[in-house]
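*Asks:* Sequence and computational prediction follow.
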Amino acid sequence: QVQLVESGGGLVQAGGSLRLSCTASGRAFNRYTVGWFRQAPEKEREFVAAISWSGGSTAYADSVKGRFTISRDNAKNTSYLQMNNLKPEDTAVYFCAATQRGLGTVVAGYEYWGQGTQVTVSS
């Protein structure tokens with residue numbers, strides 16, 4: 001198993017930036033694909049970005065392409081989500097997730113989840 005802890009959330013004005021971190025403990029982090037998802041109040045959890053175990057492949061939701069960048073540092077057991085040009089509609093709880101399957105964009109494709117970190121973007 002792998003345990004995941006997110007950090008880096010907070011309150012930011014529209015147009016601002018935040019960097020989220022997802023730190024893993026447990027089994028070898030470099031064997032896992034990492035995904036970031038978000039859930040706004042009264043909405044379903046949705047895919048944001050994902051990165052393969054090597055970092056060589058990434059995927060993004062259309063709504064964040066060009067603004068968000070996913071990366072990972074396997075030596076630090078950490079994945080990052082750099083979020084630039086934030087918009088009020090980015091407000092949500094952000095979750096990181098891990099799977100030993102390939103790059104996936106659906107919630108059901110990930111077995112391990114963190115507790116989430118709140119991101120609030122004011123207009």
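*Replies:* Sure thing, it's come through. Numbers count the residues shown, from 1 in each chain.

*Asks:* So which bits of stretch 88-103 are buried?
*Replies:* 90, 91, 92, 93, 94, 95, 96, 97, 98, 99, 103 (16 or more other CB atoms under 10 Å). For every residue, glycine as well, the C-beta is placed using N, CA and C.

*Asks:* what sits against the residue nearest to the first one when sequence neighbours are not counted?
*Replies:* Nearest residue to residue 90, sequence neighbours excluded (CB to CB, 6 or more residues apart in numbering): residue 121, at 5.1 Å. When the contact criterion is CB atoms under 8 Å, 6 or more residues apart in numbering, the partners of residue 121 are 11, 12, 13, 14, 16, 86, 87, 88, 89, 90, 91.

*Asks:* Please, which helix or strand holds residue 121?
*Replies:* Per DSSP states H and E, residue 121 falls inside strand 117-122.

*Asks:* To which secondary structure element is the residue nearest to residue 32 when sequence neighbours are not counted assigned?
*Replies:* Excluding the flanking residues, the one nearest residue 32 by CB to CB, 6+ apart is residue 98, at 4.2 Å. Using DSSP H and E, residue 98 sits within strand 92-99.
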